[in-house]
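>>> what's the 3D shape of this:
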Amino acid sequence: MKVLFIGGTGNISTAVSKKAIESGYELYLLNRGTRKVTIPGAHQMTGDISQPKTLRDHLKNHTWDVVVNWIAFTEEDIERDIQLFQGKTGQYIFISSASVYQKPPSHPVITESTPLANPFWDYSRQKIECELRLNKEYRESGFPATIVRPSLTYDTVIPVAIGSWTDYTIIDRMKKGKKIIVHGDGTSIWTITHARDFANGFTGLMGNIQVIGQSFHITSDELLTWNQIYEIIAGAAGTKADIVHIPSDFISTFSESLKGSLLGDKAYSAIFDNTKIKTFVPGYTARISFKEGLKKTLEWFDAGPSRKIILEENNILMDNIIRAYEKKGK
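Below you'll find the model as predicted:
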């Protein structure tokens, strides 16, 4: 099976790229080549998808069984891809986001038929527009789209709501005994998925003609409270978390991005029903517990000291929020 990944070396997509090679797929990676990630066995095509005219020589002699765009975010991106790949691929997979699901939710259990609506986060609304455009093209021309909605998925990032992502700031704070923020009272339920588990489900959708025109989320079935998530992270770092609980509404006043990420996603419980992915990919089960996976993530940071980046702006933001909240309570 001949596969094109646009991107393919990110936090989630690297694990999928490796799984695709392991599965015997002929994998091409189209990206700018700026990330220091090597996928042995993949064909590298260096180019910028946002400049489609420069790619025509790369793509003109190729047809694909599957094209996956890991870095499409706007309806304009989708329009471009339809023009590039109409009649050139047997399947086009769009990476959406589980944050497109209704916020606040009317029911805590999320299925693929849960309504799409997010008034808090522009990122999610743009993903919804992408989905709508693809569904329209599928209905009108048969464009072979499949939509995949990851939730909070990690491998080489620290999956917290506030304080880190690609950087090491939250771990550094924990080790120094500094206060960290957990939104709300920390008891809402969340789902975190390791990228290697996600890859097992995702590759089962690739080339599957039965999933054309359909949408899927792919997550773990492990349910944790946010308090438990931060406690597991602290334990993996060999320390304890000094948690300050702060309402999401209050936190959101300090940053538009936090407003989107919290009120548009993580402030609510998220319990994903994975019946659909298990039906179309028999045998799919997420097997890596968060405790096990997070330990591997921190080992990855330890293996390269230059990876342990401390972002002072993250420290300043957390300190400002904590200071303001504690002052408010006096």
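
>>> What's the separation between the residue nearest to residue 88 when sequence neighbours are not counted and residue 69?
If the residues on either side of it in the chain are set aside, residue 88 comes closest to residue 63, at 5.2 Å by Cβ to Cβ, 6 or more residues apart in numbering. Every C-beta, even on glycine, is put in place using the N, C-alpha and C of the backbone. Remark: distance between residue 63 and residue 69 (Cβ to Cβ, to the nearest Å) = 16 Å.

>>> who has more neighbours, these two?
residue 69 (23 against 13; other Cβ atoms under 10 Å).

>>> who touches the residue nearest to the more buried one when sequence neighbours are not counted in this structure?
Counting by Cβ to Cβ, 6+ apart, residue 69 lies nearest to residue 6, which is 4.4 Å off, once chain neighbours are set aside. Taking Cβ atoms under 8 Å, 6 or more residues apart in numbering, we find residue 6 in contact with 30-31, 49, 67-72.

>>> now do residue 121
99, 103, 259-261, 263-265.

>>> circling back: Provide a ChimeraX selection command restricted to the buried entries of the contacts of residue 6.
Those of the contacts of residue 6 that count as buried under 16 or more other Cβ atoms under 10 Å are selected in ChimeraX with:
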select :30,31,49,67,68,69,70,71,72
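
>>> Quick one: the contacts of residue 6 as CSV, columns for distance to residue 311 too.
Shown next, in CSV, are these (distance: Cβ to Cβ, whole Å):
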residue, distance to residue 311
30, 30
31, 24
49, 28
67, 34
68, 30
69, 28
70, 24
71, 23
72, 27
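
>>> Find the nearest non-adjacent residue to residue 259, please.
In this structure, residue 259 finds its nearest non-sequential neighbour in residue 252, 3.8 Å apart by Cβ to Cβ, 6+ apart.

>>> close enough to count as contact, that neighbour and residue 263?
Yes: at 5.7 Å, residue 252 and residue 263 qualify as touching, with contact defined as Cβ atoms under 8 Å.

>>> what pLDDT does residue 330 get?
pLDDT, residue 330: 60.

>>> Sorry, slip of the keys, the one I care about is residue 55.
Residue 55 carries a pLDDT value of 82.

>>> quick check, it in a helix?
Yes: assigned with DSSP: H, G, I helix; E, B strand; the rest coil, residue 55 falls within a helix.

>>> ok, and the closest non-adjacent residue to it?
Spatial nearest neighbour of residue 55, excluding adjacent residues (Cβ to Cβ, 6+ apart): residue 47 at 4.9 Å.

>>> Next secondary structure after the longest helix along the chain?
If you go by DSSP state H, the chain has its longest helix at helix 122-141. Following helix 122-141 in sequence order, the next helix or strand is strand 145-149 (DSSP states H and E).
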